[in-house]
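[1] Quick check, what structure comes out for this input:
(one chain, ligands or ions: 1)
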Amino acid sequence: MAQDLVDGLLIKARSHLPPPSEPLGKLSKRDRKGVAVIKLKNPPVNSLSLEVLTEFVISLEKLENDKTFRGVIVTSDCPGIFSAGLDLTEMCGKSQAHYAEFWRAVQELWLRLYLSNLVLIAAINGVSPAGGCLISLTCDYRVLADNPKYNIGLNETLLGVVAPSWFKDTLVNTVGHRTAERALQLGLLFPPAEALRVGMVDQVVPEDQVHSTALSVMAQWLAVPDHARQLTKSLMRKPTADRLVKQRDADIQYFLQFVSRDSIQKSLRMYLDKLRQKKG
Ligand SMILES: CCCCCCCCCCCC/C=C/CC(=O)SCCNC(=O)CCNC(=O)[C@H](O)C(C)(C)COP(=O)(O)OP(=O)(O)OC[C@H]1O[C@@H](n2cnc3c(N)ncnc32)[C@H](O)[C@@H]1OP(=O)(O)O
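    Model (predicted):
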């Protein structure tokens, strides 16, 4: 029954997109069904590059503007990886202008997701550190696959960087202040049972049931009249979002100053080198 709601939409890095003549989605089908599936597809690890962030925002905007859509399931097309978070190569050795453009895109995606009028359900089918976790935290409900490898959390401090205040706010609003403080300072990545215990996710289910569970949950959320649910969501979230909206440029300047520091560039390079050497 719930399956009838779904249709697909793939978010990919621009280089993997179909040629411009080919539409990204199948609007006629989706029109009838009302729920889209956004599958992140930027192999090998679904890192959130500037291109992916931009594509994600454009796709969300299309869905928001098409009033036949009421819900989106956010999931991954990369086996075992929901998203490795922000693309670290976008924050290393680039120009100030590039950092500013990248950070504005990160802000934009967060704002779009966090304030979306659509019901957003995260079907987390893989590991989900930092920016990957943040995406799921902006959703209205999180279903995580029960696999001990699928850790989730804001691990920024382990990279030698700091989760900005609006990442922190998103976590605090989900798990409460004390759990968030401990998780953020220690850069904790929670395995599924722990993530459920602290409230970072709402449900942990066998891996092959993530999608069907997300669909059932979606049906429950869609049973509520849109206007009442949307106004309630806005009441809960707008004060948090407004804090960023009021100081977007200042936030970009903080980011520029922070990420341009030699010590931060060194930490990020070392972390990337460690990831690359892991294989060798
Ligand atoms: C006064 C106060 C001021 C405060 C100011 C604040 C200002 C803001 C500060 C800055 C904020 C920064 C915020 C950052 C948020 C983030 O999202 S940072 C990203 C964090 N992500 C991670 O830590 C995950 C790293 N990756 C992994 O742990 C693993 O790759 C994986 C578990 C996801 C997958 O493992 P596996 O399947 O074994 O693949 P790998 O071999 O590790 O990776 C394959 C390939 O991908 C590259 N890669 C991995 N992750 C990333 C990434 N996030 N970005 C770019 N590239 C990545 C990896 O290097 C490999 O590359 P090669 O194939 O070797 O080239």
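
[2] residues in this protein within reach of the ligand, list them.
    44-45, 47, 81, 84-89, 127, 129-131, 155-156, 159, 161-162, 164, 254-255, 258-259, 272, 275-276, 278-279 (CB under 6 Å from any ligand atom). From N, CA and C alone the C-beta is placed, and that goes for glycine too.

[3] Go through those residues and flag which are in strands.
    The members of the residues of the chain next to the ligand that map onto strands under DSSP state E are Ile81, Val127, Pro129.

[4] Using JSON lines, lay out the residues you listed together with distance to Gly187, pLDDT and neighbour count.
    Putting those into JSON lines (distance: CB to CB, whole Å; pLDDT from 0 to 100; neighbours: other CB atoms under 10 Å) gives the following:
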{"residue": "Ile81", "distance to Gly187": "19", "pLDDT": "98", "neighbour count": "23"}
{"residue": "Val127", "distance to Gly187": "14", "pLDDT": "98", "neighbour count": "23"}
{"residue": "Pro129", "distance to Gly187": "9", "pLDDT": "98", "neighbour count": "24"}
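
[5] residues making contact with the helix or strand hosting Thr232?
    Element membership for Thr232, per DSSP states H and E: helix 226-245. With contact meaning CB atoms under 8 Å, 6 or more residues apart in numbering, helix 226-245 is reached by 70, 107, 110-111, 114-115, 117, 119, 140, 165-166, 169-170, 173, 221, 251.

[6] Narrow those to those in helices?
    The members of these that map onto helices under DSSP state H are Gln107, Trp110, Leu111, Tyr114, Ser165, Trp166, Asp169, Thr170, Asn173, Trp221, Asp251.

[7] Most neighbours out of these, which is it?
    Neighbour counts for the ones in helices among the contacts of helix 226-245 (other CB atoms under 10 Å) peak at Thr170, which has 26 neighbours.

[8] pLDDT value on that residue, please?
    The model reports Thr170 with a pLDDT of 98.

[9] Could you give the number of residues near Cys78?
    For Cys78, the count of nearby residues is 20 (other CB under 10 Å).

[10] ditto for Tyr150
    Tyr150: 25 neighbours (other CB under 10 Å).

[11] need the contact list for it.
    By CB under 8 Å, 6+ apart, the neighbours of Tyr150 are Gly80, Phe82, Ile124, Asn125, Gly126, Val127, Ser128, Leu144, Pro191, Pro192.

[12] same check, this time on Phe190
    Counted by CB under 8 Å, 6+ apart, Phe190 has contacts Asn151, Ile152, Gly153, Ala183, Val198, Met200.

[13] Buried members of the residues of the chain next to the ligand into ChimeraX, please.
    Buried residues within the residues of the chain next to the ligand, by 16 or more other CB atoms under 10 Å, are selected in ChimeraX with:
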select :45,47,81,84,85,86,87,88,127,129,130,131,155,156,159,161,164,255,258,259
